[in-house]
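Engineer: sequence plus predicted model, see below.
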Amino acid sequence: MGGDCGNIYELRPVSIIRTLPQIKDHRLFQLKLEDGSTWESFGHQPGQFIEVSIFGKGEAPISISSPPTRPDTLEICVRRAGKVTDALFEMSKGSTFHIRGPYGRGFPVEHLKGHKLLFVAGGLGLAPLRSLLLYALDKRKEFDDIILMYGTNNPENVLFKYELLSFFDRNDINYHYSVDRDDEGIWKQYVGVVTGLFDNAVLFPKETHAVLCGPPIMYRFVLQKLLNLGFPKEHIFMSLERMMKCGVGKCGHCAFGDKYCCIDGPVFPYTEIEKIKEAI
């Protein structure tokens, strides 16, 4: 856990600066701390998550989608899927609620510095990876090549669409986007599953660290592709999605094998979980 978490259950009041609609039933919430401090005091790392707490509704774990390099706001991308998120979607600028955290193991940013980075995201898996992607772009000189592969099911479900389009104007990131299908013929890039993007990418497996997040089916095929290309197992990191509840390893909702996703993850080196059948 990051930040000054002397009390792991401590609630901190936050307010909404802005909400940005994404795809259907998904919004990006920009938050500020009600005590006036910046998010630097929160101490979060890319890949960690928070618990959103709304009185009378409950709590929900949400990945942090913004990097610690941007301390004025904290961003969470929320999918409407229950009482807590329903309540969030009814809020607007200035509304307040509470959070606790940050929780979990994030990406090993110091270990990744100086290396080439390959991001492979499927669907909503881009939200947890975005914190590391923006961190690396904000500290661009501290990383080698940055490659983003992102795939989703159709053009209407491209997450962070305008942000992804903005990368077209940058020369310090290589991007490859795909959709599984394009019924209306409006997609200008690759049509097919995300693993097809590897065919047109120039990769240096021994010099590159890969970070993955997406639906369970994606991991199996992307891992196979990476290993066949010669990526060392210890160069692969995955952000896993589980049914987290308490966030601190007490309730057991997110247990698999001998791991708890909320405290041992959500970011795992592949070498830690490759032999745990329930992991992916």
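Structural biologist: Yep, that arrived. Residues are numbered from 1 along each chain as shown.

Engineer: what's near enough to touch Cys254?
Structural biologist: Applying C-beta atoms under 8 Å, 6 or more residues apart in numbering to Cys254 gives the contacts 242-245, 260-262. (Glycine included, C-beta is placed from N, CA and C.)

Engineer: mind running it again at 7 Å?
Structural biologist: Cys254 sits next to 242-244, 260-262 when contact means C-beta atoms under 7 Å, 6 or more residues apart in numbering.

Engineer: among these, which ones are buried?
Structural biologist: 242, 244, 260-262 (16 or more other C-beta atoms under 10 Å).

Engineer: from the contacts of Cys254, which two are the most distant?
Structural biologist: Pairwise distances among the contacts of Cys254 were taken by C-beta to C-beta; the largest, 11.5 Å, belongs to Met243 and Tyr260.

Engineer: ok, back up a step: in helices, which of the buried ones among the contacts of Cys254 appear?
Structural biologist: Using DSSP state H, the subset of those located in helices is 261-262.

Engineer: output stretch 152-170 as PDB, nothing but the C-alphas.
Structural biologist: Coordinates of each C-alpha in stretch 152-170 appear next as PDB, following Å, rounded to 0.1, in the frame of the first residue of the first chain:
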ATOM      1  CA  THR A 152     -11.500  -3.600 -28.200                       C
ATOM      2  CA  ASN A 153     -14.600  -5.200 -29.700                       C
ATOM      3  CA  ASN A 154     -15.900  -2.400 -32.000                       C
ATOM      4  CA  PRO A 155     -15.200   1.300 -32.800                       C
ATOM      5  CA  GLU A 156     -18.000   2.500 -30.400                       C
ATOM      6  CA  ASN A 157     -16.200   1.000 -27.400                       C
ATOM      7  CA  VAL A 158     -12.800   2.600 -27.700                       C
ATOM      8  CA  LEU A 159     -11.900   3.800 -24.200                       C
ATOM      9  CA  PHE A 160     -10.100   7.200 -23.900                       C
ATOM     10  CA  LYS A 161     -10.700   7.700 -27.600                       C
ATOM     11  CA  TYR A 162      -9.500  11.300 -27.900                       C
ATOM     12  CA  GLU A 163      -6.500  10.600 -25.800                       C
ATOM     13  CA  LEU A 164      -5.500   7.700 -28.000                       C
ATOM     14  CA  LEU A 165      -6.000  10.000 -31.100                       C
ATOM     15  CA  SER A 166      -3.700  12.600 -29.500                       C
ATOM     16  CA  PHE A 167      -0.900  10.100 -29.700                       C
ATOM     17  CA  PHE A 168      -1.000  10.500 -33.500                       C
ATOM     18  CA  ASP A 169       0.700  13.900 -33.000                       C
ATOM     19  CA  ARG A 170       3.500  12.500 -30.900                       C
END
